[in-house]
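Colleague: based on what follows, work out the 3D shape:
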Amino acid sequence: MSAENSTSITEARDVLGQLVGRVQYGHERIVLTRHGRPAAALVPMDDHEALERLEDEIDLADALAALREPGRVTWDELKAELKL
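Modeller: Down below sits the predicted model:
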């Protein structure tokens with residue numbers, strides 16, 4: 001990451017609109033730092049949406065793997081076991 005693609009949170013407060021413009025129109029990713037350490041990032045919506053899709057795919061893969069695990073119980077069996 002180059003220095004121009006990171007800024008402190010304190011500095012970002014004064015130029016937030018400009019930073020959002022760089023991200024939105026220039027498709028930049030900007031890292032916000034606190035005490036010189038990365039704390040958060042401003043990313044274009046396309047990047048954010050791609051990350052959300054990737055997380056959904058991982059969640060689905062985990063759910064499908066869980067369904068294939070031996071010893072799985074149905075909702076009705078679990079309720080009966082817990083006396084609900």
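
Colleague: now for Arg22: which residues touch it?
Modeller: For Arg22, the contact set (CB atoms under 8 Å, 6 or more residues apart in numbering) comprises 28, 30. The way it works is simple: take the backbone N, C-alpha and C, and place the C-beta from them, glycine included.

Colleague: from Pro44, how far out is it?
Modeller: Counting by CB to CB, to the nearest Å, the gap from Arg22 to Pro44 is 10 Å.

Colleague: quickly list what's touching both of these two.
Modeller: With contacts taken as CB under 8 Å, 6+ apart, Arg22 and Pro44 have Glu28 as neighbours in common.

Colleague: for this structure, give me the ranges with low pLDDT.
Modeller: With pLDDT under 70 as the threshold, the chain has low-confidence stretches at 1-4.

Colleague: for it, longest helix please?
Modeller: Ranked by residue count and defined by DSSP state H, the top helix of the chain is helix 45-68.

Colleague: can I get the CA coordinates of that one in PDB?
Modeller: Extracted C-alpha coordinates of helix 45-68, given in PDB (Å, rounded to 0.1, in the frame of the first residue of the first chain):
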ATOM      1  CA  MET A  45     -19.200  -0.700  -3.400                       C
ATOM      2  CA  ASP A  46     -18.200  -3.200  -6.100                       C
ATOM      3  CA  ASP A  47     -15.500  -4.500  -3.800                       C
ATOM      4  CA  HIS A  48     -17.800  -4.500  -0.800                       C
ATOM      5  CA  GLU A  49     -20.500  -6.400  -2.800                       C
ATOM      6  CA  ALA A  50     -17.900  -9.000  -4.000                       C
ATOM      7  CA  LEU A  51     -16.800  -9.600  -0.400                       C
ATOM      8  CA  GLU A  52     -20.400 -10.000   0.700                       C
ATOM      9  CA  ARG A  53     -21.000 -12.600  -2.100                       C
ATOM     10  CA  LEU A  54     -17.800 -14.400  -1.100                       C
ATOM     11  CA  GLU A  55     -18.900 -14.500   2.500                       C
ATOM     12  CA  ASP A  56     -22.300 -15.900   1.400                       C
ATOM     13  CA  GLU A  57     -20.600 -18.600  -0.600                       C
ATOM     14  CA  ILE A  58     -18.400 -19.600   2.300                       C
ATOM     15  CA  ASP A  59     -21.500 -19.700   4.600                       C
ATOM     16  CA  LEU A  60     -23.300 -21.900   2.200                       C
ATOM     17  CA  ALA A  61     -20.400 -24.300   1.800                       C
ATOM     18  CA  ASP A  62     -20.100 -24.500   5.600                       C
ATOM     19  CA  ALA A  63     -23.900 -25.200   5.900                       C
ATOM     20  CA  LEU A  64     -23.800 -27.900   3.200                       C
ATOM     21  CA  ALA A  65     -20.800 -29.500   4.900                       C
ATOM     22  CA  ALA A  66     -22.600 -29.500   8.200                       C
ATOM     23  CA  LEU A  67     -25.600 -31.200   6.600                       C
ATOM     24  CA  ARG A  68     -23.300 -34.000   5.500                       C
END
